[in-house]
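# Take this sequence and fold it.
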Amino acid sequence: MATVNEWIQGARPRTLPNAIAPVVAGVGSAAHLGDVTWWKAALALIVALALIIGVNFANDYSDGIRGTDDDRVGPMRLVGSQAARAGAVKTAAFTCFGIAALAGLAIAVTTAYWLIAVGVVCIAGAWFYTGGKKPYGYLGFGEVAVFVFFGLVAVLGTQFVTAGSVDWIGGLCAVAVGSFSSAVLVVNNLRDIPTDRESGKITLAVRLGENGTRGLFASLLALPFVMTIALVPATTAAFAGLIAAPLAVIAVRPVVSGARGRDLIPSLATTGMAMLAWAVATGVALGLT
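Below you'll find the predicted structure:
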């Protein structure tokens, strides 16, 4: 039986910035529009956190039963390491999805019922990333899904439910956060190219190869700072987002210098830190101006 610490590691806490950053950016862009409904912002955060922990457990389960995690560098895999029963990990995943669904339902019935459909699509996207007979994560569409769900949907969804509308500012924030979030998956898949190729998991990194993946990662880390410049006409305080640039530089150095395997793990954590720093700095700048 897995220990509490192993369950925590299996939830992959280093990915939590992918859930927190879009909500922070969404609330900041909502505050720039006007008043924010804070209890809805709190529910949006619960939805995002529950979804990302759920998708982490779902990936652990699905990759584990396929044997994809039998020889993998990186965080603790509960099923692949046989620390926990596959059924228990699957139950943990759907428990998290249930929490996200309940919080999302509370938002929908007090905001707009069509948000229920959005929630259903998000949960389906979380499960079928590596679950089901033909998981789209095994076909190279993972980064696109992350950009859409943890970028566009999460940021603009938060802005909408907390302010009642969306605007171009929220759109730019969504692109920036989606780029950061996709970059996290890109460097993760860059690290796993050898084992993914061997196990038949054809990620975008496997399709592009090492050089192409390294270039994609660098481009994705540069894009949020282009969005920072684009936000300046709304408020010069948006320059605060550049505070994340040093972290982005630290994250990209090992990738462009040819690091492999475990040497890429620091880039994962630093990319998440850069994303959170950008979201907080930009969200506060937008909210206060």
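# Go ahead and produce PDB holding the CA coordinates of the helix or strand hosting N5.
Assigned by DSSP states H and E, N5 falls within helix 4-10. Provided in PDB are the C-alpha atoms of helix 4-10 (Å, rounded to 0.1, in the frame of the first residue of the first chain):
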ATOM      1  CA  VAL A   4       0.700   9.300   2.200                       C
ATOM      2  CA  ASN A   5       3.900  10.800   0.900                       C
ATOM      3  CA  GLU A   6       3.800   8.500  -2.100                       C
ATOM      4  CA  TRP A   7       0.200   9.500  -2.800                       C
ATOM      5  CA  ILE A   8       1.300  13.200  -2.600                       C
ATOM      6  CA  GLN A   9       4.200  12.600  -5.000                       C
ATOM      7  CA  GLY A  10       1.800  10.700  -7.300                       C
END
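# What is the host helix or strand of F57 packed up against?
Assessed by DSSP H and E, F57 sits inside helix 38-66. Using 3 or more C-beta pairs under 8 Å, 6 or more residues apart in numbering; DSSP states H and E, the elements in contact with helix 38-66 are helix 4-10, helix 17-33, helix 86-111, helix 115-128, helix 154-163. Bear in mind the C-beta positions are built from the backbone N, C-alpha and C, glycine included.
# Include mean pLDDT and mean neighbour count when you put those into JSON lines, please.
Formatted as JSON lines, these follow (pLDDT from 0 to 100; neighbours: other C-beta atoms under 10 Å):
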{"stretch": "helix 4-10", "mean pLDDT": "91", "mean neighbour count": "15"}
{"stretch": "helix 17-33", "mean pLDDT": "96", "mean neighbour count": "27"}
{"stretch": "helix 86-111", "mean pLDDT": "96", "mean neighbour count": "18"}
{"stretch": "helix 115-128", "mean pLDDT": "96", "mean neighbour count": "18"}
{"stretch": "helix 154-163", "mean pLDDT": "97", "mean neighbour count": "27"}
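# Model confidence for the residue nearest to R66 when sequence neighbours are not counted, exactly?
Using C-beta to C-beta, 6 or more residues apart in numbering and skipping residues adjacent in sequence, the residue nearest R66 is S199, 7.3 Å away. pLDDT, S199: 79.
# same check, this time on the one 4 residues further on
T203 is assigned a predicted lDDT (pLDDT) of 93.
# For the spatially closest residue to it that is not a sequence neighbour, grab the count of nearby residues.
Nearest non-adjacent residue to T203, counting by C-beta to C-beta, 6+ apart: N189, 4.4 Å away. Using other C-beta atoms under 10 Å, N189 has 23 other residues around it.
# what does V47 give?
Applying other C-beta under 10 Å, I find that V47 has 27 neighbouring residues.
# coming back round to it: isn't the residue nearest to R66 right next to T130, touching?
No: applying C-beta atoms under 8 Å, one finds S199 not in contact with T130, separated by 11.6 Å.
# And these two? Which one has more around it.
Under the neighbour definition other C-beta under 10 Å, S199 and T130 were set side by side, and T130 has more, 23 against 18.
# quick one on the thing from earlier: mind listing the shared neighbours of S199 and T130?
The contact sets of S199 and T130 overlap at T68 (C-beta atoms under 8 Å, 6 or more residues apart in numbering).
# what does stretch 207-221 contact?
By C-beta under 8 Å, 6+ apart, stretch 207-221 touches 140, 179-180, 182-183, 186-187, 189-190, 193, 204-205, 248, 251-252, 255-256, 258, 271, 274.
# Sort out for me which of the residues you listed are in helices.
Counted as lying in helices by DSSP state H, out of the contacts of stretch 207-221, are 179-180, 182-183, 186-187, 189-190, 193, 204-205, 248, 251-252, 255-256, 271, 274.
# now the residues you listed: which count as buried?
For the ones in helices among the contacts of stretch 207-221, a burial check counting by 16 or more other C-beta atoms under 10 Å picks out 179-180, 182-183, 186-187, 189-190, 193, 204-205, 248, 251-252, 255, 271, 274.
# could you dump the helices and strands packed on helix 38-66 to JSON lines with distance to T213?
Shown next, in JSON lines, are those (distance: least, C-beta to C-beta, whole Å):
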{"stretch": "helix 4-10", "distance to T213": "26"}
{"stretch": "helix 17-33", "distance to T213": "19"}
{"stretch": "helix 86-111", "distance to T213": "27"}
{"stretch": "helix 115-128", "distance to T213": "22"}
{"stretch": "helix 154-163", "distance to T213": "24"}
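# out of those, nearest to F239?
For those, proximity to F239 was assessed by C-beta to C-beta; helix 17-33 is nearest, at 14.3 Å.
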